[in-house]
Every structure is written in C-alpha cells, then in structure tokens.
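[1] coordinates only, sequence not included:
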C-alpha cells in the first residue's frame, strides 16, 4: 500500500483513500466529478457579527446539515447531482439558498454591509 500525506493535517494514509481519515479532506484527484467546493468568507462586520454564533453551516434543501466549519475555510462536499443547499453564516447575515453542481467551485460574495444584516450571494468561480 502506497502512502500519501494529507496537505491539510499531515496525516499519512492510503493514497487510494477518497478522503483523509483524520481531517476528512476530500482528495479531488480521486473524485473530481463529485466534488463541490464553497469558499466561506472570513468577514468581521460590526456588532452583530461579534454577538452571533461563529459557525457557518451548510444544509441540504430540507435543512439537514451537510457541512459545519469555520469562517475562512473552504467547504468541500461530495454530490452526485445538482443539489439545493442553504448556507447559514449567523444572525448577522442573510440565509443563502442556491443550487450547486458537482465539479464546480463557488464563493460567497458580499453584496452589502451597510444595513443591520450583511447580504451575500453564491457565485460560481470555476470547475474543480
């Protein structure tokens, strides 16, 4: 069995494993057509940001959590087909609801920060 080192956590594991057994990072080179990446911003936007939960969560269209992480991270998801998702950043930002497709990269883009609620939308940036 050949080993590879995870680029995120440094754990050595089987090079044919679809993800790292330690940190769960998905290896794009093994499953590129099923991977969806979403860059979560690292905003620091006023009082509401500091007073609300700091844990972005991505749900499927029925509010089942499919990813939970930190601001500034890239959410990596495995999907078989285009899927509706819901992204919640906290009480300080709008709820983002959109459809993402396997093999694509997306990022959250800030529309406005001048109101009490920051407004984001999802933008496709390239193929994985």
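    Perfect, I can see it now. Not measured: the values here are computed from a predicted model. Residues are numbered from 1 along each chain as shown.
[2] could you list the low-confidence segments of this structure?
    1, 27-32, 44-54, 112-116, 127-128 (pLDDT under 70).
[3] how about the strands in it?
    3-5, 12-14, 35-39, 57-60, 65-68, 74-78, 83-88, 96-100, 104-112, 119-127 (DSSP state E).
[4] tell me the most buried of these?
    Ranked by mean neighbour count, these are led by strand 35-39 with a mean of 21 (mean count of other Cβ atoms under 10 Å). C-beta: built from backbone N, CA, C; applies to glycine.
[5] contact partners for residue 98?
    84, 85, 87, 121, 122 (Cβ atoms under 8 Å, 6 or more residues apart in numbering).
[6] could you redo the last one with a cut-off of 6 Å?
    Residue 98 sits next to residue 122 when contact means Cβ atoms under 6 Å, 6 or more residues apart in numbering.
[7] can you get me the start-to-end distance on stretch 17-37?
    Length of stretch 17-37, first residue to last, Cα to Cα, to the nearest Å: 19 Å.
[8] and it, how far out from the chain middle?
    Distance, stretch centre to chain centre, for stretch 17-37: 13 Å (Cα atoms, centre = their mean, to the nearest Å).
[9] what residues go with each domain of this protein?
    Using automatic domain parsing, the domain parsing of the chain gives 1-30, 31-127.
[10] buried residues in the shortest one?
    What it means is domain 1-30. Under the neighbour-count criterion of 16 or more other Cβ atoms under 10 Å, domain 1-30 has 6, 13, 19, 20, 25, 26, 27 buried.
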